[in-house]
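**Student:** Return a 3D structure for these sequence lines:
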Amino acid sequence: MAKGGQVRTALFAADLLNFHDRTIPVIVVEPIKAEFGSTDARSA
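**Tutor:** Here you go, the predicted model:
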């Protein structure tokens, strides 16, 4: 049964990294655009 716990932990960690990989850029893009005075039209 210990192996099942390790697999579950590994899958949880992978899911957590996937979640953060998708949300962190969304959170930081607005402050970065504001700092450099960029707009959506200029960044395309």
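
**Student:** pull the longest helix from the protein.
**Tutor:** helix 2-36 (DSSP state H).

**Student:** Quick one: mean pLDDT over that helix.
**Tutor:** Taken as a whole, helix 2-36 has an average pLDDT of 90.

**Student:** Contacts only, for the most centrally placed residue in the chain.
**Tutor:** Nearest to the mean C-alpha position of the chain, by CA atoms, centre = their mean, lies residue 21 at 2.2 Å. Not one residue lies near residue 21 by CB atoms under 8 Å, 6 or more residues apart in numbering. Yep, even glycine has a C-beta here, placed from its N, CA and C like the rest.

**Student:** For it, give its distance to residue 35.
**Tutor:** Look at residue 21 and residue 35: by CB to CB, to the nearest Å, they are 22 Å apart.

**Student:** Equivalent analysis for residue 19, please.
**Tutor:** For residue 19, the distance to residue 35 - CB to CB - is 25 Å.

**Student:** try residue 6
**Tutor:** 42 Å.

**Student:** ok so, going back, can you pull the buried residues of the longest helix of the chain?
**Tutor:** For helix 2-36, the neighbour count (16 or more other CB atoms under 10 Å) marks no residue as buried.

**Student:** cool, stretch 35-43 as well?
**Tutor:** Buried residues in stretch 35-43, counted by 16+ other CB under 10 Å: none are found.

**Student:** Figure out how far it is from the centre of its chain.
**Tutor:** Distance of stretch 35-43 from the chain centroid (CA atoms, centre = their mean, to the nearest Å) equals 21 Å.

**Student:** Over to stretch 7-20?
**Tutor:** The answer for stretch 7-20 is 12 Å, by CA atoms, centre = their mean.

**Student:** before we move on, what about stretch 16-30?
**Tutor:** Worked out by CA atoms, centre = their mean, stretch 16-30 lies 3 Å from the chain centre.

**Student:** And the pLDDT at residue 43?
**Tutor:** Reported pLDDT for residue 43: 64.
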